[in-house]
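Asker: Need coordinates for the below:
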Amino acid sequence: MFIDSHSHLDDDRFNEDRDILIKSLKENKVDIAINVGADLETSINSVKLADQYDNIYAVVGVHPHSASEVTEDTLNQFREMAKNKKVVAIGEIGLDFYYDNSPRDLQRKWFKEQLELAKELDLPVVIHSRDATKETFDTIKEAQDGGTLRGVMHCFSGSVEMAMEYIKLGFYISLAGPVTFKNSRVSREVAEAVPLDKLLIETDCPYLTPEPYRGKRNEPMYVKYVAGKIAEIKDISVEELAKATSTNTRELFGIK
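Answerer: Numbers count the residues shown, from 1 in each chain. Here you go, the predicted structure:
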């Protein structure tokens, strides 16, 4: 059985068949899907899904794209949501200097504030980083404060060297659909290099659909294609890959 460690099942693209899809996950060998917020509204929706379905867990937080919408009240609402035992992390948070949908000073401010919130709540973090490699790493390292911060680099797109630096901080590396793409040399190098006990798999659905469904809506059951490619790269069985990544995901997010 697989765990999809990062999904967005609250997305409008699932409106027509969300219930059927979630109820069919186990027969498609997906034990759990972790639904990740990107702003206050999607965080609320993630918690609602987690409350509705036994096999869904929620992550709450604000993506750097929406940093300009954050207030102290937003963080207070996350504190309240985190009292729900099915809220397992703060995310997805980070820096995105590619799109710059929010001013960089606000991205930096609320990234740091949400890292501190995760430490306060003793929750892991789910990190988004694009075109901000060094600053994301330096911000996390500064916030870590003797190992009190833990988390995962979601849909990691950096180098092997940077992956190893995150692993030194105790972070996990998560890979998604791009590892299946023909031009994904760096992702495949990362898949080969990252130790099995530090690896997570995800879909980021409905985005980043893996081969052979690239271009179509992504779904949690397609995590098997991510797993299959990584298992091929590591020259291990898909079953071994599934077992290890599921164990890692449960350990990181405190899911029994």
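
Asker: buried ones in stretch 105-117?
Answerer: Neighbour-count burial for stretch 105-117, with 16 or more other Cβ atoms under 10 Å as criterion, is recorded at Q107, R108, W110, F111, E113, Q114, L115, L117. Using the backbone N, CA and C atoms, a C-beta is placed for each residue, glycine as well.

Asker: Check stretch 180-191 too.
Answerer: T180, S184, V186, S187, R188, V190, A191.

Asker: Can you give the distance of whichever strand or helix holds the last one from its chain's centre?
Answerer: Okay, so that is A191. Under DSSP states H and E, the secondary-structure element containing A191 is helix 185-193. With Cα atoms, centre = their mean, to the nearest Å as the basis, the distance from the averaged C-alpha position of helix 185-193 to the chain average is 18 Å.

Asker: which helices and strands does that helix pack with?
Answerer: Applying 3 or more Cβ pairs under 8 Å, 6 or more residues apart in numbering; DSSP states H and E, one finds that helix 185-193 contacts helix 160-168, strand 172-175, helix 223-234.

Asker: how about those, which one is nearest A50?
Answerer: Between A50 and these, the shortest separation by Cβ to Cβ is 18.3 Å, and it involves helix 223-234.

Asker: Let me have the buried residues of stretch 105-117 in CSV, extended by distance to V152 and pLDDT.
Answerer: Putting the buried residues of stretch 105-117 into CSV (distance: Cβ to Cβ, whole Å; pLDDT from 0 to 100) gives the following:
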residue, distance to V152, pLDDT
Q107, 19, 98
R108, 21, 98
W110, 19, 98
F111, 15, 98
E113, 19, 98
Q114, 15, 98
L115, 14, 98
L117, 17, 97
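
Asker: Quick one: the helices in the chain, in order.
Answerer: For the chain, the helices defined by DSSP state H cover 18-23, 40-52, 72-81, 104-121, 133-144, 160-168, 185-193, 223-234, 238-253.

Asker: Let's have the helices and strands packed on helix 185-193 in TSV, adding mean pLDDT, mean neighbour count and distance to S246.
Answerer: As requested, the helices and strands packed on helix 185-193 are arranged in TSV below (pLDDT from 0 to 100; neighbours: other Cβ atoms under 10 Å; distance: least, Cβ to Cβ, whole Å):
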stretch	mean pLDDT	mean neighbour count	distance to S246
helix 160-168	98	16	19
strand 172-175	98	27	13
helix 223-234	98	21	10
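
Asker: gap between the two ends of stretch 57-70?
Answerer: Chord length of stretch 57-70, first to last residue, is 23 Å (Cα to Cα, to the nearest Å).
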